[in-house]
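Engineer: For reference, the sequence and a predicted model appear below.
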Amino acid sequence: RGVVGIISPWNWPYTMPAEMIAPALASGNAVVWVPAPSTSVCAVKLAECIVDAGVPSGVFNMVCGPGAEVGDEVAANPGIQAVGFIGSIETGQKVAARAAGKALLLEMGGNGPVVILDDADLDAAAEESLTSAFLGAGQSCTAGERFLVHERVYDAYLEKLGRAIEREIKLGDPFDPTTTLGPLNNEPTAGKMDQHITDALEGGAELISGGSRAKGFPTDLYYRPTVLGKVGAGMRVSREETFGPIIPATIIRDEGEAIRTINSSPYGLLSAVFTQDLARGLRFAEAVRTGWVNINASSNHWESHLPFGGRSGSLSGVGRVGGRYAMETFTEFKTVILSLG
């Protein structure tokens, strides 16, 4: 297409930009990359790797600075022919408006519903829930942030989940190899955790474990792994993207209720279901309006060669990253008809 602008977030500061920069370059484009200001040091290291790989001067460019200024300029600049963005829904919508008329690839938010059906392997579901909710301290667009648990297995699931958390989740220094849960990235993210938990408890949810920031650490950004029970659909933790180490559990009567709950959400990025009936899992995958469905696997199970993105018409984005799919967005298709008569 020409020049592709890439705007990337602070979470997964190598993976997120790479999944757009690589296909943009491979498709023959020049790239102007705007990384998140809070992870600029990581961005410089990735840029050095790209330069050291022998990319010609001027083909790959990085511009650091406040996203509202630098990102806005890249999105709107007439010298940019396509824009790839990963980040929040609010910012993504602003980018889409500023880049109107250009090819767009937008990967935005979700709240990762994880469904535990009555025939699920509860040991496996509890184990995978740890990865869903606590990988990267829950700071991922694929994090499980809404757990819909069948009423018949609700108590048993929470019991197994509690034991799994006690056994495997260790809050601590990210550089300590025994740590499995590190701090949150910034105060606004931690503050949103505070707000969502307070709102849920005031609305009648049960605090099963965690629920507050941890003491005795270098910063106030370490959050205890949190489990909430009897979470209602109207609570902020159900309606919004929390982006923290939290498992909000909601009781459902059947899989139909789970499907209706997911499909009524404005999000459409990803969902997961646990069932020992493969046909049931596939029916669920067909029925839910999300761009990606994991059956008997963590919501954070992701493979880079597969198409990943939000369902059309949702707030979760437009287009697909992964494998060749981003290359299609970053390639200009032209039809040429030659008459030989």
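Structural biologist: That came through fine. Numbering: from 1, shown residues only.

Engineer: what sits up against the helix or strand containing residue 51?
Structural biologist: Using DSSP states H and E, residue 51 falls within helix 40-52. Residues from elsewhere that reach helix 40-52 (C-beta atoms under 8 Å, 6 or more residues apart in numbering): 8, 13-14, 17-18, 21, 33, 35-36, 60, 62, 64. For the C-beta atoms, the positions are set from N, CA and C on the backbone; glycine is no exception.

Engineer: switch to 10 Å and redo it
Structural biologist: By C-beta atoms under 10 Å, 6 or more residues apart in numbering, the list of residues contacting helix 40-52 from outside reads 8, 10, 12-15, 17-18, 21-22, 25, 31, 33-37, 39, 55, 57, 59-62, 64-65.

Engineer: Given the longest strand seen in the chain, what are its sheet partners and their directions?
Structural biologist: With DSSP state E setting the assignment, residue counts place strand 246-252 as the longest strand in the chain. Strand 246-252 has the following strand partners under DSSP bridges: strand 146-150 (parallel), strand 226-229 (parallel).

Engineer: Most tightly packed of those strands?
Structural biologist: Using mean count of other C-beta atoms under 10 Å, the stretch among those with the largest mean neighbour count is strand 146-150, at a mean of 27.

Engineer: In the helix or strand following the longest strand of the chain, which residues are buried?
Structural biologist: Heading C-terminal from strand 246-252, the first helix or strand you meet, by DSSP H and E, is helix 255-263. When neighbours are counted by 16 or more other C-beta atoms under 10 Å, the buried residues of helix 255-263 are found to be 255, 257-259, 261-262.

Engineer: And stretch 115-124, by the same measure?
Structural biologist: Buried residues in stretch 115-124 (16+ other C-beta under 10 Å): 115-117, 119-120, 122.

Engineer: Now render the residues you listed as JSON lines, adding secondary structure and distance to residue 69.
Structural biologist: Putting the buried residues of stretch 115-124 into JSON lines (DSSP: H, G, I helix; E, B strand; the rest coil; distance: C-beta to C-beta, whole Å) gives the following:
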{"residue": "115", "secondary structure": "strand", "distance to residue 69": "42"}
{"residue": "116", "secondary structure": "strand", "distance to residue 69": "44"}
{"residue": "117", "secondary structure": "coil", "distance to residue 69": "48"}
{"residue": "119", "secondary structure": "coil", "distance to residue 69": "53"}
{"residue": "120", "secondary structure": "coil", "distance to residue 69": "48"}
{"residue": "122", "secondary structure": "helix", "distance to residue 69": "50"}
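
Engineer: Now tabulate those in CSV and tack on distance to residue 138.
Structural biologist: CSV is the format used below for the buried residues of stretch 115-124 (distance: C-beta to C-beta, whole Å):
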residue, distance to residue 138
115, 18
116, 18
117, 23
119, 27
120, 22
122, 21
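
Engineer: Residue 338: which of the strands paired with strand 246-252 is closest?
Structural biologist: Of all the strands paired with strand 246-252, it is strand 146-150 that lies closest to residue 338, at 54.5 Å by C-beta to C-beta.

Engineer: how many degrees apart are that closest one and helix 255-263 in direction?
Structural biologist: Relative orientation of strand 146-150 versus helix 255-263 (axes from the mean of the first three to the mean of the last three C-alpha atoms, to 10 degrees): 170 degrees.

Engineer: what's downstream of strand 146-150, the next helix or strand?
Structural biologist: helix 154-168.

Engineer: mean confidence score for that following helix?
Structural biologist: Regarding helix 154-168, the rounded mean pLDDT is 98.

Engineer: Which secondary structure elements does that helix sit against?
Structural biologist: strand 113-116, helix 122-134, strand 146-150, strand 206-209, strand 226-229, strand 246-252 (3 or more C-beta pairs under 10 Å, 6 or more residues apart in numbering; DSSP states H and E).

Engineer: now those as a markdown table including distance to residue 271 and mean pLDDT?
Structural biologist: As requested, these are exported to a markdown table (distance: least, C-beta to C-beta, whole Å; pLDDT from 0 to 100):
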| stretch | distance to residue 271 | mean pLDDT |
| --- | --- | --- |
| strand 113-116 | 5 | 98 |
| helix 122-134 | 11 | 98 |
| strand 146-150 | 9 | 98 |
| strand 206-209 | 23 | 98 |
| strand 226-229 | 19 | 98 |
| strand 246-252 | 13 | 98 |
